[in-house]
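1. Need the 3D shape of this:
(one chain, ligands or ions: 1)
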Amino acid sequence: MFGRMNDPAAIKVLIVNEEGQYLAGTAAHWEFTEDRSVAKVFDYLQDHVADQIRLVRRAYGKVWVAVRLDPSETFEFCDRCGGRMSAVEAFFDGQQFFCTDCKIHSQPAPACGPA
Ligand SMILES: [Zn+2]
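-> From the prediction side, this is the model:
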């Protein structure tokens, strides 16, 4: 299973275009936004960010750059709803991460608990 929490090898990055906007959305519908908080977080190695940037440059002549997330704004993914949250907001119960909402609604433990 990929996406282990706090994997020291994972390099989390945002992709920024020539206008300084952040890549956001999904693979089905990419868009650029000025709102850093909704920017898509990529795993530099697992998501092959360097290759993607090279492809875009070659295919479209666009210059995108990857900017590394500051560790303080590393995002965690809620183990219950899958939502993204900042590590600062993440609630860790010893086994799983929860967003603020799920922390409130997480009793009892979710049905699809850890294997
Ligand atoms: Zn949640």
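
2. and Arg54, how many neighbours?
-> Using other Cβ atoms under 10 Å, Arg54 has 12 neighbouring residues. C-beta here means a position set from N, CA and C on the backbone, and glycine is covered the same way.

3. Need the phi and psi values for it.
-> phi -60, psi -40 (degrees, to the nearest 10).

4. Got the phi and psi for the residue nearest the centre of the chain?
-> The structure's the chain has its C-alpha centroid closest to Val41; by Cα atoms, centre = their mean the separation is 3.1 Å. Note on Val41: backbone dihedrals following degrees, to the nearest 10 are phi -100, psi 120.

5. Which residues does Arg84 form beta bridges with?
-> Counting by DSSP bridges, Arg84 forms beta bridges with Phe77.

6. Any residues of the chain in contact with the ion? List them.
-> For the chain, the residues in contact with the ion (Cβ under 5 Å from the ion) are 78, 80-81, 83, 99, 102.

7. Let me have those in TSV, extended by neighbour count.
-> Listed next are those as TSV, based on neighbours: other Cβ atoms under 10 Å:
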residue	neighbour count
Cys78	21
Arg80	19
Cys81	15
Gly83	14
Cys99	23
Cys102	19
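
8. Which pLDDT value goes with the residue nearest to the centre of the chain?
-> Val41 carries a pLDDT value of 87.

9. Would you mind confirming that it is in contact with Leu69?
-> Yes. Val41 lies in contact with Leu69 (Cβ atoms under 8 Å); the separation is 6.6 Å.

10. So, low pLDDT: which residues of this protein?
-> Residue ranges of the chain with pLDDT under 70: 1-9, 71-75, 87-88, 106-115.
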